[in-house]
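J.: Generate coordinates for the sequence data below:
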Amino acid sequence: SLEVLRLEVSDPPRPQHVTRTMPVDKGLVAVDELEIPAGMLVEIRASGSYQIGSWNDATIGPAGYPGGGPRDYNLPGKACSEAKHGAAVALLQADSAAQAVVVGECVRFVARSGGRLFVGVNDRDYRNNSGKLGFDVKVTTPDTQTWTDGGVQTCE
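T.: Numbers count the residues shown, from 1 in each chain. Got it, this is the predicted structure:
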């Protein structure tokens, strides 16, 4: 039987805000300035223009290829494999869990397990890409309804 229940309460984590611009030929890049606790609301906005691969001269943005593009080169996992090729993506990774989200131009999600944030484009053959992609990341405490709803949402 339980004799003592100890409950510790602390203030919520402070809001965080980081802006990062990265070349799209580096794969997924860690946003080292952030350590995201589980349960926090993460909003990521992406901007920029770039080319995916040396065979295609089309310039695209964070929404990815219109019509989807060559998904055979997408990153693994359900979220990325079903997304448009070349779309902006993020991966929130802890030791034993990862949460992948398609950013597009903007996404909001509640961090399921917390961890380090990695950002980049949805392309596993990234070395032949060119251009830059900017990410604006805000981490805040969600309101009760947002936390309860969870999931991934596009920004308003």
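
J.: so where does the most centrally placed residue in the chain fall, helix or strand?
T.: When CA atoms, centre = their mean is applied to the chain, the residue found nearest the centroid is residue 90 (2.2 Å). In this structure, residue 90 is located in strand 88-93 according to DSSP states H and E.

J.: helices and strands around that strand, which ones?
T.: Here strand 88-93 is seen to pack against strand 41-51, strand 98-102, strand 116-121, strand 130-140 when contacts are counted using 3 or more CB pairs under 8 Å, 6 or more residues apart in numbering; DSSP states H and E. In this view, the C-beta of every residue, glycine as well, is placed from N, C-alpha and C.

J.: Tell me which of those lies nearest to residue 156.
T.: For residue 156, the closest of the helices and strands packed on strand 88-93 is strand 41-51, at 10.3 Å, according to CB to CB.

J.: Go through that closest one and flag the buried ones.
T.: Neighbour-count burial for strand 41-51, with 16 or more other CB atoms under 10 Å as criterion, is recorded at 41, 42, 43, 44, 45, 46, 48, 50, 51.

J.: Thanks again, I'm all set now.
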